[in-house]
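Student: quick one, fold the following:
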Amino acid sequence: EGSFKEWIRKACRDGYTLVYDNFSCAPLWVNNLLLSIFEDGVLNQPNKCVQHGWNVKRHPDFHAIFTSGSEENTENKIPRTSLYDRMITIKLGHYDHDTESAIVRAKTGIRPEDAGRIVDIVRAARKNGNSVTIRAGIALGRILVAQKGRIHPDDPVLLESCSDILGFDMEGNGKVRQIVERALITLT
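Tutor: Residues are numbered from 1 along each chain as shown. Prediction:
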C-alpha cells in the first residue's frame, strides 16, 4: 500500500501517466484517493500532509489509464463510486485467431497446430456465452503439455481441463465433449 501511494504521489506531482492494471480488483481506498485527484485536483491525505508532503496539487499533465477484465467478470465485485462516472470506457475485442494462436504457442511451448485448435475451443466457449480470454487458452495449453494431453474430443485431460477452465461444467461432460467436437470438427 505504501509504495503504491508513493507512485500515485509522484505521478500526480510530476505529471506522469499512471497505468493501473486490473483496476477492477482495487480496494475502495484507491478509488477514494484517485477521486480526490480528479475531482479536487489535489492528492490529499490529511494525517500525512505535514510529515510526508501528501497534499500535492495535480500536475496538468497527469493522466491515468485503468485496465480491468470484462464487465461480466467485474460488475458484481466493484462497488460503484463517483470515480467510475469520470472514466471513459473503451471496450476492446479479442485478438485475431493467428495472434491468439501465436500467444498460446509462445506461452506454452505447444505445437503450432495444437495452439490453433486450443484457440478454436476457446472461441467456441465464447460463442457459447462463456466470458473467457486468451488466458484460458494459455492455461489449457500448459495443462495439456504438463499432463501429456491431446487435442481430441475423447481425451479426458482435454475434457476435464475445458470443463474447469472454460466453465462448461454446468451441464456435465456431455456438453463439454459436444462443444469440443464442434470446435474441432473442421480440423480432424
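Student: got the confidence number for the closest residue to His97 other than its chain neighbours?
Tutor: Closest residue in space to His97, ignoring its immediate chain neighbours: Val119 at 5.8 Å, by CB to CB, 6 or more residues apart in numbering. In short, each C-beta sits where N, CA and C put it, glycine included. Looking at Val119, its pLDDT reads 95.
Student: element containing Val119?
Tutor: Using DSSP states H and E, Val119 sits in helix 112-127.
Student: again, but for Asn31
Tutor: Counting by DSSP H and E, Asn31 is found in helix 28-40.
Student: also Ile90?
Tutor: Applying DSSP H and E, one finds Ile90 in no helix or strand.
Student: one more: the one 10 residues further on?
Tutor: Secondary structure from DSSP H and E places Glu100 in helix 97-108.
Student: what does that helix rub up against?
Tutor: 94-95, 110-112, 115-116, 118-120, 122-123, 134, 137-138, 140-142, 144-145 (CB atoms under 8 Å, 6 or more residues apart in numbering).
Student: rewinding a little: what angle sits between the following helix or strand past the helix holding Val119 and helix 112-127?
Tutor: Sequence-wise, the next helix or strand downstream of helix 112-127 (DSSP H and E) is helix 134-147. If you take axes from the mean of the first three to the mean of the last three CA atoms, to 10 degrees, helix 134-147 sits at 130 degrees to helix 112-127.
Student: packing partners of the helix or strand following helix 134-147?
Tutor: Following helix 134-147 in sequence order, the next helix or strand is helix 156-166 (DSSP H and E). Under the contact criterion of 3 or more CB pairs under 8 Å, 6 or more residues apart in numbering; DSSP states H and E, helix 156-166 touches helix 112-127, helix 134-147, helix 173-184.
Student: ok, which of these comes nearest Asp14?
Tutor: Among those, the nearest to Asp14 by CB to CB is helix 134-147 (33.5 Å).
Student: is Arg9 in contact with Val42, as I believe?
Tutor: No. Between Arg9 and Val42 there is no contact under CB atoms under 8 Å: 11.3 Å.
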